[in-house]
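Visitor: A predicted structure for the sequence below; I have some questions about it.
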Amino acid sequence: MANVREGAPARIPADIKHASDRKAFARRLFAQPGRAPDVVLMQEVLGSAARMAAVLNAHPRAGRTGARYAVAAAPRILRTPGVCDGRRNGSFTVVRDSAILVNRATVRSVRQSGNIRTWGRWGPAAHSRVGRSGFGCSEHPWLRIIVQQPGARARAALVASAHVAPVGISMKNHAMARIRKQLDAQRRKGTGELVVAGGDLNLNRCLQPLRTPEQWRCSVREGHRAFLDSGYRDAVRTLNRGGRTGVTGVERRIDFIYAKAKVTSSWFDRCYQAFFAESNPCRPSQKVFARNAKFLKCQARSLNVGRPGASCPANLFRRYYSDHPIQLATLH
């Protein structure tokens, strides 16, 4: 799961055109141990979800394992009247920049699909496209799928790819609570169905500034509490709370995988943006970006130019994939 910054309401043409960051994402994802993912939840892929699937399919590990990714829930943007978390006057913009990719080798069927809508607000860069001074409707797709690994029994799973609009803490808390409520309303209780909500929630866990490292214990924000109080597990934090792979001591953690399932393994790319860690256990060879200033220069080259330059040499440019770290979880 990752926000790959490959197409959001604010358009950046150079980023859509060049593929180096998409290839970097695939390399980083497939470099991790374990089987090829059954499901890949992505955010900010307006206009590029199919390209992301093609890059994953072109990776050698996909070929070796027989993985074949397809877009099962695609992004969209539209103007519409009607309902978004309650009826709205006039027309409004609906933004679904999230996608769900499934591995056709292990996801045997998609039984049902839908979306959850939450009201929110985007920043000034998106106002010209969203309108209403940035107020609009986020749409979060979900699928009911059947997953079957070789030699294992088939399992049903309800999966959602969420991207909460980035402005307004109270609106984000409300949006997260609504996603949890609506997803649970779709769950078939008593069937052993896995339920997963993964994505960019644009809200850190603890009631503290975004640039303050996550604490071991803290007052948890209402939106996150909505999931935890309903039996969801924070898949990364469950197995990676402390130590060299832990989330404590890391700033700006706003991407989450919440699951009603047993978490048997999980990982997040702590060493990618190593400068966010208060005390950094990553070895020098593991750090992709050790300093924020260098990261920002490479991000600017990737988004606006599409090729390396003096401010971001080729060896670093090749490793940039997004401003959000990848997260992985194996669930049963």
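Guide: Noted; the coordinates are in hand.
Visitor: what about Asp229, neighbour count?
Guide: 12 (other CB atoms under 10 Å). Where you see a C-beta, it was placed from the backbone N, CA and C, and this is true even at glycine.
Visitor: and what of His224?
Guide: 23.
Visitor: Please apply the same query to the one 10 residues further on.
Guide: Applying other CB under 10 Å, we find 23 residues neighbouring Asp234.
Visitor: That one pairs with what?
Guide: Following DSSP bridges, Asp234 is listed with bridge partners Tyr258.
Visitor: per-residue pLDDT, it?
Guide: For Asp234, the pLDDT comes out at 98.
Visitor: and it, what does it touch?
Guide: Going by CB atoms under 8 Å, 6 or more residues apart in numbering, Asp234 touches Arg205, His224, Phe227, Leu228, Phe256, Ile257, Tyr258.
Visitor: Look up how far Gly168 lies from it.
Guide: 23 Å (CB to CB, to the nearest Å).
Visitor: Likewise for Pro60?
Guide: Taking CB to CB, one finds Pro60 at 44 Å from Gly168.
Visitor: if we can go back for a sec, which of the contacts of Asp234 count as buried?
Guide: Arg205, His224, Phe227, Phe256, Ile257, Tyr258 (16 or more other CB atoms under 10 Å).
Visitor: got the contact list for the fourth one?
Guide: Put plainly, it is Phe256. Gly198, Gly199, Leu201, Arg205, His224, Asp234, Ala235, Val236, Gln327.
Visitor: Tell me the secondary structure at the closest residue to the fourth one other than its chain neighbours.
Guide: Counting by CB to CB, 6 or more residues apart in numbering, Arg205 lies nearest to His224, which is 5.2 Å off, once chain neighbours are set aside. Secondary structure of His224, reduced to three states by DSSP: H, G, I helix; E, B strand; the rest coil: helix.
Visitor: Please pull out the lowest mean pLDDT helix or strand from this structure.
Guide: helix 13-17 (a mean of 78; mean pLDDT, DSSP states H and E).
Visitor: buried residues in it?
Guide: Buried residues in helix 13-17, counted by 16+ other CB under 10 Å: Asp15, Ile16.
Visitor: Against which helices or strands is whatever helix or strand comes next after it packed?
Guide: Next helix or strand after helix 13-17 toward the C-terminus (DSSP states H and E): helix 20-30. The helices and strands touching helix 20-30, judged by 3 or more CB pairs under 8 Å, 6 or more residues apart in numbering; DSSP states H and E, are helix 49-58.
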